[in-house]
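1. Provided below for reference: sequence and predicted model.
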Amino acid sequence: MPRNRRNRAGRAGLIFGDLWEFDPAPETADPKLKPRYGLFINGSFVRPRTGRHFDSVNPANERKLAEIALAGPADVDAAYQAASRAFRGWSALPGRERGKYLFRIARLLQDRAREFAVAETMDGGKPIRESRDFDVPMAAAHFFYHAGWADKLEYVAPGRRAAPLGVVGQVIPWNFPLLMLAWKLGPALAMGNCVVLKPAETTSITALKLAEILQDAELPPGVVNFVTGAGETGALVMGHPSAAKVAFTGSTEVGKAIMRQLAGTDRRMTMELGGKAANIVFDDAPIDQAVEGIVNGIFFNQGHVCCAGSRLLVHEPVAERVVSKLKNRIRVLRVGDPLDKNTDLGAINSRAQLDKITRLVASGVREGAVKFQPPCPLPEKGFYFPPTLFTKVTQSHRIAREEIFGPVLSILTFRTVDEAIEKANNTPYGLSAGVWTDKGSRILRMSTELKAGVVWANTFNKFDPSSPFGGYKESGFGREGGRQGLLDYARLE
Ligand code: NAD
């Protein structure tokens, strides 16, 4: 047996480990960053009236990437004014003309895909493989999809006229910065609305780079405006009196704060909030495929995924086998430089998020769950967390109830279908779920009884612009994607 076959795995039979050390394979495309970004208002980059900027930091090495403008009340107001002025012309354009702009944006994004992927990875910490193969192509797909709708709006609600709402305020999180932006802009613009959007403070760069594309596409000034800043700027965007609708993606806590802020107004709202999804594996499931699905479900994007399969529910007869295979599988995950094409887990998005993950993992140990982390050297600089499994988790543990938003899987077991359903639904959230079984009838029953906006069967984390995405319960309301997503940006007449 070769020397290393026992080394990392610590057991015979595992044939990966450091048998296959890869040479570094860094992605080298130039992300074309500017040292300083202004606000994007009325089609131009402008200085913030606050006169203030903040740093955007590369979480992989803690180096500053660029300075980002901090928008205050006067800036947000200027953005809304520009959007309100643009609305009359934009909403009056025939849908096919609006569609042309969206097609153009999609194609320009494809042209600059590598550059955007590198910028997204440097700004957010996600592996380049994911930004290259998922975030950027999927963002372009959303623009293409909604471009296709723009001249077919009479089919959004047959028999009724779907009219735009006006100016919409949008706030997005840091886990899929460009993709969340495309989810928000695509349907709003196709329907004829104008937009004021705030990206997350740690990941504003790809929004500002997309502003360059909007300029190149000659999108009329004011149709889309980007204001940057943290929560205070977000509250200004959500609370502005000119907003006909607000769309928020982020934590349930902030979603609730926005709803309190807007209570008593007639503002339309969409809330895409947190999750604590159950990924349920039955004893008749194809176990090796399920293990891959579990790994993808929780370690994709370092677990910074609202619909992450963060609670694994395993049927007791196969629990030991599944856990043992999972441990073997995560021993060979590569954690490190997000720009390396071989990296599986990149950097945690910020120090604050790393601290939150560390705290919740410590609570799991304190409350009696059993932690497993493979031996895993982490880079000295930057924010990293090893892939982590917890067994002997009970439903009352914090790690089974709270959204960790990191590469941490809590494993519980069940004996019957009813118990699986009850445990899966025993959460305030309801964004997604996964079911692994050979039985079609069981999939149908589970997908009916699980209170989750998306239920994946024998797969996980599959997305398509035509498929509506959204939550039940404290995961929010409203849908993004598909016909339903367009309806959330329309007034039916
Ligand atoms: P967050 O709620 O802290 O921040 C989200 C955005 O809201 C950021 O842009 C932030 O600056 C802004 N913000 C903060 N306070 C605000 C306030 N008082 N008013 C208005 N805006 C404010 O969330 P996060 O940590 O950036 O993102 C992670 C969360 O997002 C997770 O809970 C995740 O599940 C959720 N998420 C949900 C979906 C979905 O589709 N349901 C998708 C991605 C992420």
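-> Done, it's in.
2. give me the number of residues near Val76?
-> Neighbour count for Val76, taken as other Cβ atoms under 10 Å: 29. All C-beta spots, glycine's among them, are computed from the backbone N, C-alpha and C.
3. hang on, it in a helix?
-> Yes: per DSSP: H, G, I helix; E, B strand; the rest coil, Val76 lies within a helix segment.
4. What residues does it make contact with?
-> Neighbouring residues of Val76 by Cβ atoms under 8 Å, 6 or more residues apart in numbering: 196, 227, 233, 236-237, 240.
5. quick one: the closest residue to it other than its chain neighbours and Asp55, what's the gap?
-> With sequence-adjacent residues excluded and distances taken as Cβ to Cβ, 6 or more residues apart in numbering, Val76 is closest to Leu236, at 4.2 Å. Counting by Cβ to Cβ, to the nearest Å, the gap from Leu236 to Asp55 is 21 Å.
6. who has more neighbours, these two?
-> Leu236 (24 against 12).
7. what's around the closest residue in space to Ala290 that isn't next to it in sequence, how many residues?
-> Nearest residue to Ala290, sequence neighbours excluded (Cβ to Cβ, 6+ apart): Trp436, at 4.2 Å. By other Cβ under 10 Å, the residues close to Trp436 number 28.
8. Ok, Thr394 next?
-> For Thr394, using other Cβ under 10 Å, the count is 12.
9. Hmm, it is touching Leu412, no?
-> Yes: assessed by Cβ atoms under 8 Å, Thr394 is found in contact with Leu412 at 7.4 Å.
10. Need the overlap of contacts for those two.
-> Ala400.
11. these two touch, right, the residue nearest to Val76 and Pro73?
-> Yes: judged on Cβ under 8 Å, Leu236 makes contact with Pro73 at a distance of 5.8 Å.
12. For the residue nearest to Ala290, give the beta-bridge partners.
-> Judged by DSSP bridges, the bridge partners of Trp436 are Val281.
13. pretty sure it is touching Pro286, no?
-> Yes: with contacts counted by Cβ under 8 Å, Trp436 reaches Pro286, the gap being 7.4 Å.
14. how close does Arg85 get to the ligand?
-> 24 Å (Cβ to the nearest ligand atom, to the nearest Å).
15. Once you drop chain neighbours, what's closest to Leu389?
-> Per Cβ to Cβ, 6+ apart, closest to Leu389 is Phe372, 4.5 Å.
16. on that earlier part again, as JSON lines, the contacts of Val76 with distance to the ligand would be great.
-> Below are those laid out as JSON lines (distance: Cβ to the nearest ligand atom, whole Å):
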{"residue": "Val196", "distance to the ligand": "12"}
{"residue": "Val227", "distance to the ligand": "11"}
{"residue": "Thr233", "distance to the ligand": "7"}
{"residue": "Leu236", "distance to the ligand": "8"}
{"residue": "Val237", "distance to the ligand": "7"}
{"residue": "His240", "distance to the ligand": "11"}
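17. now the residues you listed as CSV including distance to Ala211?
-> As requested, the contacts of Val76 are exported to CSV (distance: Cβ to Cβ, whole Å):
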residue, distance to Ala211
Val196, 13
Val227, 11
Thr233, 16
Leu236, 19
Val237, 16
His240, 20
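18. Overlap in contacts, Trp436 and Pro286.
-> Counting by Cβ under 8 Å, 6+ apart, the common neighbours of Trp436 and Pro286 are Asn458.
19. Next, the contact list for the residue nearest to Leu93 when sequence neighbours are not counted, please.
-> Nearest residue to Leu93, sequence neighbours excluded (Cβ to Cβ, 6+ apart): Gly192, at 7.4 Å. Residues near Gly192 by Cβ under 8 Å, 6+ apart: 90-91, 93, 95, 98, 163-164.
20. and the stretch 251-400 of the chain, which residues reach the ligand?
-> 251, 254, 257-258, 272-275, 306 (Cβ under 6 Å from any ligand atom).
21. Helices - which of these land there?
-> Here DSSP state H is the test, and those give 254, 257-258 as lying in helices.
22. out of these, which one sits closest to the ligand?
-> The ligand lies nearest to Val254 out of those, by Cβ to the nearest ligand atom, at 3.4 Å.
23. Quick check, pLDDT for the one residue in the stretch 301-450 of the chain that gets nearest to the ligand.
-> The stretch 301-450 of the chain approaches the ligand most closely through Cys306 (3.1 Å), counting by Cβ to the nearest ligand atom. Turning to Cys306, the model gives it a pLDDT of 97.
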